[in-house]
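Chemist: Provided below are the primary sequence and the corresponding predicted coordinates.
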Amino acid sequence: MSKKLAIIATKGTLDWAYPPFILASTAAALGYDVEVFFTFYGLQLVKKDLDLKVSPLGNPGMPMPMGMDKWFPVLGTAIPGMESVMTSMMKSKMKAKGVASVEELRELCQEAGVRFVACQMTVDLFDMEPSQFIDGLEFGGAATFFEFAGESDICLYI
């Protein structure tokens, strides 16, 4: 009987997209049975058309280029266009370091048999349509998650 990993993904920014997909794909590669439950802003991670951004304003721990985190005021990250600049910089750095894209990690998870479940209540709350999401995504409520998580060896909230 294989071990089980249950993950709740609640964040929808580029930087928060990586942890659930990296952990899920790694666990699947190690033989775990894995389910990721996407709720609230985490639903952004399973949309067909990804438009994920980095929010430097909401993440004071983010390392900034040129030591900006030491001298650039936090309020400066609210300057119009700063989010786009930081997102572009983050994507460039990841590409330069050979880090897989979110799309690649997501596909890897699906190929490895990771079960993706979208929170139906949140889909309804935000007036989203099932056609907006990737193929293979299941829809279910909290009870669906607990059926799996209740028997999991590890449960993570990301």
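Modeler: Looks like it came in fine.
Chemist: any idea of the pLDDT on Met1?
Modeler: For Met1, the pLDDT comes out at 77.
Chemist: neighbours of it, just the number please.
Modeler: Burial of Met1 is recorded as 4 neighbouring residues (other CB atoms under 10 Å). (Each C-beta comes from the backbone N, C-alpha and C, glycine too.)
Chemist: distance of it relative to Phe146?
Modeler: 19 Å (CB to CB, to the nearest Å).
Chemist: go on, Gly81?
Modeler: In terms of CB to CB, Gly81 sits 43 Å off from Phe146.
Chemist: could you check which of these two has the larger neighbour count?
Modeler: Neighbours per residue, other CB under 10 Å: of Gly81 and Phe146, the larger number sits with Phe146, 13 against 7.
Chemist: so who does Arg106 touch?
Modeler: By CB atoms under 8 Å, 6 or more residues apart in numbering, the residues touching Arg106 are 21, 45-46, 134.
Chemist: give the ChimeraX command for selecting the buried subset of those.
Modeler: A single ChimeraX command selects the buried members of the contacts of Arg106 (16 or more other CB atoms under 10 Å):
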select :21,45,46,134
